[in-house]
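Peer 1: Have a look at this prediction, sequence included:
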2 protein chains.
Amino acid sequence: MIQAIDRAARVLTSLQGARHLGIAELAAALELPPSTVHGIVKSLQGHGLVAKEPNGNRYMLGPALLKLSNVYLDTLDVRARSLRWTAELARRTGLATRLGVELFDEVIIIHHDERPDGTEQMPETGLSIPAHASALGKVLLAYDGALAETVLGDGELRALTGDTVTSAKALTRQFAQIRERGLAEELDEAVLGEASVAAPIADRSGAVVAALSVVLPSSDWPAADAVQNALRETARNISRELGATRWPPLQSGE
Amino acid sequence: MIQAIDRAARVLTSLQGARHLGIAELAAALELPPSTVHGIVKSLQGHGLVAKEPNGNRYMLGPALLKLSNVYLDTLDVRARSLRWTAELARRTGLATRLGVELFDEVIIIHHDERPDGTEQMPETGLSIPAHASALGKVLLAYDGALAETVLGDGELRALTGDTVTSAKALTRQFAQIRERGLAEELDEAVLGEASVAAPIADRSGAVVAALSVVLPSSDWPAADAVQNALRETARNISRELGATRWPPLQSGE
DNA sequence: GACACATATTCGACATCGCCGAATATCCCG
DNA sequence: CGGGATATTCGGCGATGTCGAATATGTGTC
């Protein structure tokens, strides 16, 4: 790992957490001399990855990230091929759908269809949720042993609500069932009042590259059979379009 | 500018342009030895800024960019304070609105309200348009002399359509009028069939930090007085909310 | 309005860290 | 199964980034 790039990335991560930071604050966060941090920040700024806040001498994330991110979404094959299917799933079930991929110990939502009931809803694309606390994440963990190991191994898991499952053992037990059913569930584990069901999406190589979920109010739990079937069917159709030969897929990694 | 970080950023830019590239292709694009590029790419990959494409040995942009970009949008004060106003503007005029900031020689759209006619429209947030070919960009250039110099100075300007104004002289002449009226216009200069009108948004320091535009079909050109007034009024209100004391603002930079 | 503090920024010398060429591993295609 | 092209690893040289001290800038206080 190249030192300067590693440090630059850590600057971005710090700004991601703190929104606005001065050079001295950044230096303290990274445990580096201010002059070193200054050089890094200036380099990032030169490419628009970091910007100086209008009034003041603190720094924040830069607009170039938005452009890069937009291209990132465009390049995702899974996403492009899923759009038609997930829209149809949202329509049929009357529920919001999410499509997520792995980002270290989290799931990041790469597409979100709003509940088709016409109410005002917040766009969720770009949101990230700890993998162990979401149905999307559980699917990804269940099918990727190596990933599960790194996520579960790292000491204690963070609880987002009182119902978050923080025990590695309990989660590992769930994973076996998830692989059997091709479905993962979650009830109030990330957000109170919210539950979700997720299914794996595999590609040509048989690897799970994304997860698809529907979100429902906890009061509607458990999800109707019709919803579960529609979800499975949609995930299977997308996987087939990506060239997968079997669904549910086989475990990999580990 | 730190060399390694500069090179890393150029890797991202290359991937932004080409979507998928192998190490050898990247090396050719950056005119560096493959082993050097490999080190850079691995470092970026370690932070999720770059990802290996599922099947194959090429690389693409990574999911961490989506998370960073999402936080970037959240940290933008102008954006947060504009949302209510632009939604209202879209409603009143029946037109799509765009909010953009500068990104080198382009404008990047940080918020987009769709035309409220209920038709299917593509979200435009994250899109970037050459500054000289958009009303948004012209506003930013007109009020920032230093920016205008770097953008217009760089040799010939790229034509996006037959109507794109590519002459630095002609544009500079427009800038004076834009500052007088507090409005910039554009007709078929970026996309055929599409015209737009934009106004500056200033902050507490009096600097123009963003531009707001409405988009209309070329056939409806020129925009009705009511639309122009609503646009000016909205831009003024947002500026006031940001602490600006006068509108239209004064030129800065240069 | 002037002083003092805190912060960002510049600069240069030392030595570290990353760069590159060659060797190896891996993948793909015929 | 063999050949070509690609990614990846490794280590020594030296260019490059790092860091401390000095300077500039701005901010709050008296």
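Peer 2: Great, that's in hand.
Peer 1: From here on, just use CA atoms for contacts and neighbour counts.
Peer 2: Noted.
Peer 1: hang on, A:M1 packs against B:H47?
Peer 2: No: applying Cα atoms under 8 Å as the test, A:M1 and B:H47 come out as separate, 10.0 Å apart.
Peer 1: These two: which is more packed in?
Peer 2: Set A:M1 next to B:H47 and count neighbours by other Cα atoms under 10 Å in any protein chain shown: B:H47 wins out with 20 against 13.
Peer 1: who touches A:G137 in this structure?
Peer 2: A:102, A:106-107, A:129-131, A:211 (Cα atoms under 8 Å, 6 or more residues apart in numbering or on different chains).
Peer 1: and what of A:R204?
Peer 2: For A:R204, counting by Cα under 8 Å, 6+ apart, the contacting residues are A:239, A:242-245.
Peer 1: helix, strand or coil for it?
Peer 2: Under DSSP: H, G, I helix; E, B strand; the rest coil, the three-state class of A:R204 is coil.
Peer 1: confidence score at it?
Peer 2: On the pLDDT scale, A:R204 is placed at 87.
Peer 1: and A:I108, how many residues sit next to it?
Peer 2: By the criterion of other Cα under 10 Å, A:I108 has 28 neighbours.
Peer 1: Tell me how far the closest residue to it other than its chain neighbours lies from B:V165.
Peer 2: Once flanking residues are discounted, A:I108 sits nearest to A:S128: 4.2 Å by Cα to Cα, 6 or more residues apart in numbering or on different chains. Taking Cα to Cα, to the nearest Å as the measure, A:S128 falls 42 Å from B:V165.
Peer 1: before we move on, what about A:W85?
Peer 2: In terms of Cα to Cα, A:W85 sits 42 Å off from B:V165.
Peer 1: Give me the more crowded residue out of those two.
Peer 2: Remark: of A:W85 and B:V165, B:V165 carries more neighbours, 20 against 15, as counted by other Cα under 10 Å.
Peer 1: contacting residues for the more buried one?
Peer 2: B:132-133, B:159, B:171, B:189.
Peer 1: which stretch of helix or strand covers it?
Peer 2: Under DSSP states H and E, no helix or strand contains B:V165.
Peer 1: need the contact list for A:R240.
Peer 2: A:203, A:246.
Peer 1: What are the buried residues along the strand or helix carrying it?
Peer 2: Using DSSP H and E, A:R240 sits within helix A:225-241. Counting neighbours by 16 or more other Cα atoms under 10 Å in any protein chain shown, one finds that the buried residues in helix A:225-241 are A:227-228, A:230-241.
Peer 1: Just give me the closest of these to chain B.
Peer 2: A:S239 (13.6 Å; Cα to the nearest Cα).
Peer 1: Touching, that closest one and A:A199? I think so.
Peer 2: No: at 10.6 Å, A:S239 does not count as touching A:A199 under the criterion of Cα under 8 Å.
Peer 1: What residues are recorded as beta-bridge partners of A:D113?
Peer 2: A:T97 (DSSP bridges).
Peer 1: So, low pLDDT: which residues of the stretch 51-200 of chain A?
Peer 2: Residues of the stretch 51-200 of chain A that meet the criterion pLDDT under 70 lie in A:154.
Peer 1: show me where it has strands.
Peer 2: A:59-61, A:96-103, A:106-113, A:128-130, A:184-187, A:194-202 (DSSP state E, counting those that start in this stretch).
Peer 1: what helices or strands is the fourth one leaning on?
Peer 2: For strand A:128-130, the elements it packs on are strand A:106-113, judged by 3 or more Cα pairs under 8 Å, 6 or more residues apart in numbering or on different chains; DSSP states H and E.
Peer 1: Give me the contact list for the strand it packs on.
Peer 2: Looking at strand A:106-113 with Cα under 8 Å, 6+ apart, the contacting residues turn out to be A:73, A:79, A:83, A:86-87, A:90, A:96-102, A:123-132, A:136-137, B:63, B:67.
Peer 1: got the angle for that strand vs strand A:96-103?
Peer 2: 150 degrees (axes from the mean of the first three to the mean of the last three Cα atoms, to 10 degrees).
Peer 1: Who are the contact partners of the closest residue to A:S219 other than its chain neighbours?
Peer 2: Once flanking residues are discounted, A:S219 sits nearest to A:G193: 7.3 Å by Cα to Cα, 6+ apart. Applying Cα under 8 Å, 6+ apart to A:G193 gives the contacts A:217-219.
Peer 1: What distance do you get for A:G193 to A:E124?
Peer 2: 17 Å.
Peer 1: number of nearby residues for the residue in the stretch 151-254 of chain A that DNA strand C sits nearest to?
Peer 2: Residue nearest to DNA strand C within the stretch 151-254 of chain A (Cα to the nearest atom of the strand): A:S205, separated by 10.1 Å. Taking other Cα under 10 Å as the criterion, the count of residues near A:S205 is 14.
Peer 1: I'd guessed A:L141 sits against A:T150; true?
Peer 2: No: counting by Cα under 8 Å, A:L141 does not reach A:T150; the two are 9.9 Å apart.
Peer 1: neighbour count winner among the two?
Peer 2: Neighbours per residue (other Cα under 10 Å) separate A:L141 from A:T150, with A:L141 holding more: 28 against 13.
Peer 1: what's the closest non-adjacent residue to the more buried one?
Peer 2: Here the residue nearest A:L141, using Cα to Cα, 6+ apart, is A:A148, at 4.9 Å.
Peer 1: residues from chain A in reach of DNA strand C?
Peer 2: Taking Cα under 7 Å from any atom of the strand as the criterion, chain A approaches DNA strand C at residues A:1-5, A:21-25, A:34-35, A:38-39, A:57-58.
Peer 1: PyMOL command for the buried members of these?
Peer 2: A single PyMOL command selects the buried members of the residues of chain A next to DNA strand C (16+ other Cα under 10 Å):
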select buried, chain A and resi 4+5+21+22+23+24+25+34+38+39+58
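Peer 1: tell me the contacts of A:A195?
Peer 2: By Cα under 8 Å, 6+ apart, the neighbours of A:A195 are A:185-189, A:215-218, A:221.
Peer 1: Any of those buried? List them.
Peer 2: Judged by 16+ other Cα under 10 Å, buried ones among these: A:185-189, A:215-218.
Peer 1: Tabulate those residues (JSON lines), appending distance to A:R179.
Peer 2: Putting those into JSON lines (distance: Cα to Cα, whole Å) gives the following:
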{"residue": "A:E185", "distance to A:R179": "12"}
{"residue": "A:E186", "distance to A:R179": "15"}
{"residue": "A:L187", "distance to A:R179": "18"}
{"residue": "A:D188", "distance to A:R179": "22"}
{"residue": "A:E189", "distance to A:R179": "20"}
{"residue": "A:V215", "distance to A:R179": "20"}
{"residue": "A:L216", "distance to A:R179": "22"}
{"residue": "A:P217", "distance to A:R179": "24"}
{"residue": "A:S218", "distance to A:R179": "23"}
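Peer 1: Dump the residues you listed to JSON lines, plus distance to chain B.
Peer 2: Output for the buried ones among the contacts of A:A195, formatted as JSON lines (distance: Cα to the nearest Cα, whole Å):
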{"residue": "A:E185", "distance to chain B": "24"}
{"residue": "A:E186", "distance to chain B": "23"}
{"residue": "A:L187", "distance to chain B": "25"}
{"residue": "A:D188", "distance to chain B": "23"}
{"residue": "A:E189", "distance to chain B": "21"}
{"residue": "A:V215", "distance to chain B": "21"}
{"residue": "A:L216", "distance to chain B": "24"}
{"residue": "A:P217", "distance to chain B": "25"}
{"residue": "A:S218", "distance to chain B": "27"}
